[in-house]
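Visitor: below are the sequence and a predicted model; questions follow.
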Amino acid sequence: IGPDLKNSIKKKINETSNVTYKGFVENPLLELYGTSCLIAPIFSGAGVKVKVLDALSSGTPIIGTHIAFEGIDDTIFSNAMFLCNNENDFVDKINNFEFWSKEQSIELINKVKSHYIEHDFISIIDSNENFN
């Protein structure tokens, strides 16, 4: 999911039967429901990556980098975030990925709801000393 993927990577994805590259989509959540995982090899950028939050809120585990997971509480979502630091880590994790049950996905959705949705943003901001 996302625009501007290098053609060389698109070609490799097209040669793989169990990986799909969608390009730009209006609503990533609709694309993520029911997928096995989101692969997020993000090596630059700042702030929370919305696709990663979308994946968590759809019950989809993520294989990604430190940058992909920036700003997300890894103590709450550690079972859904699989850290990879380089190409070999990604290959190993993808090849040995244990697919989730429907129950695991529902559990993750409920964690996201209780952590992000059921807390109002004013209280989150008030509790964060960086905003005071």
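Guide: Here it is on my side, so go on.

Visitor: next one: the residue nearest the centre of the chain relative to N14, how far apart?
Guide: In the chain, the residue lying closest to the centroid (Cα atoms, centre = their mean) is V52, at 3.0 Å. Per Cβ to Cβ, to the nearest Å, V52 is found 24 Å from N14. Just so you know, the C-beta spots here come from the backbone N, C-alpha and C atoms, and that holds for glycine as well.

Visitor: and what of T35?
Guide: In this view, T35 and N14 are 17 Å apart by Cβ to Cβ.

Visitor: ok, now Q104?
Guide: For Q104, the distance to N14 - Cβ to Cβ - is 29 Å.

Visitor: who's more crowded, these two?
Guide: A direct count of neighbours by other Cβ atoms under 10 Å for Q104 and N14 places Q104 higher, at 15 against 11.

Visitor: and that one, backbone torsions?
Guide: phi -60, psi -40 (degrees, to the nearest 10).

Visitor: give the contact list for it.
Guide: Applying Cβ atoms under 8 Å, 6 or more residues apart in numbering to Q104 gives the contacts G59.

Visitor: against I63, how distant is it?
Guide: Q104 is 15 Å from I63, by Cβ to Cβ.

Visitor: look up the closest residue to L38, ignoring the ones flanking it.
Guide: What sits nearest to L38 in space, not counting adjacent residues and going by Cβ to Cβ, 6 or more residues apart in numbering, is A55, at 4.1 Å.

Visitor: does that neighbour sit in a helix or strand, and which one?
Guide: If you go by DSSP states H and E, A55 is part of helix 50-57.
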